[in-house]
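Peer 1: Only the shape, not the letters, is given here:
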């Protein structure tokens, strides 16, 4: 899967928060993924069973998700469009409002990479496509986190959305999302 310009709105405004996303899918699983953020000077990559890494300034750094234990202390990232014309999702709003802070980065690829690197604790995706979410699934998983569809089932190419967390927050996020 290829998304040559993820964060198109940012790219159009000369905002450096855009990237290219590449994922290899074999037997319905993401086996390789890369997120290249050229204006940030970062390349995030993972191989199934091989870990997740950030390359920057000529160095390769292993990535690890954060250790945040409670949603009230979490920094969450999400796709947001307040004027989308779609009905608002009360569960998503509750997850975001229960978080300590929110980041709307404008790039699903960078958001997933930053979660894998420990800069974010939670990522909620409801408006993107498989080529936006596939890199997050592998990067986050290989960095020690968890990624599922919105119901908590394993993410697949046909999933409607994505919940990715540092792992420690996953059950709390799913319960909050579904009002449990």
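Peer 2: Noted; the coordinates are in hand. As the structure is a computational prediction, the values presented were derived from the model and not from experiment. Numbers count the residues shown, from 1 in each chain.
Peer 1: And the helices in the protein?
Peer 2: Using DSSP state H, the helices of the chain run over 8-12, 90-98, 108-117, 130-142, 170-177.
Peer 1: Take those helices and lay them out in CSV including distance to residue 60 and mean pLDDT.
Peer 2: The C-beta positions use only the backbone N, C-alpha and C, and glycine is treated the same way. Output for these, formatted as CSV (distance: least, C-beta to C-beta, whole Å; pLDDT from 0 to 100):
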stretch, distance to residue 60, mean pLDDT
helix 8-12, 26, 95
helix 90-98, 33, 90
helix 108-117, 13, 97
helix 130-142, 14, 96
helix 170-177, 27, 97
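Peer 1: Can you say which of those is packed in most?
Peer 2: Stretch with highest mean neighbour count among those: helix 108-117 (a mean of 30; mean count of other C-beta atoms under 10 Å).
Peer 1: Show me how far it is from its chain's centre.
Peer 2: Helix 108-117 has its C-alpha centroid displaced from the chain centroid by 5 Å (C-alpha atoms, centre = their mean, to the nearest Å).
Peer 1: got a list of what residue 76 touches?
Peer 2: Contact partners of residue 76, counting by C-beta atoms under 8 Å, 6 or more residues apart in numbering, are 95-96, 99, 101-103, 120-124.
Peer 1: Same question for residue 19.
Peer 2: Contacts of residue 19 (C-beta under 8 Å, 6+ apart): 6-7, 35-38, 107, 109-110, 113.
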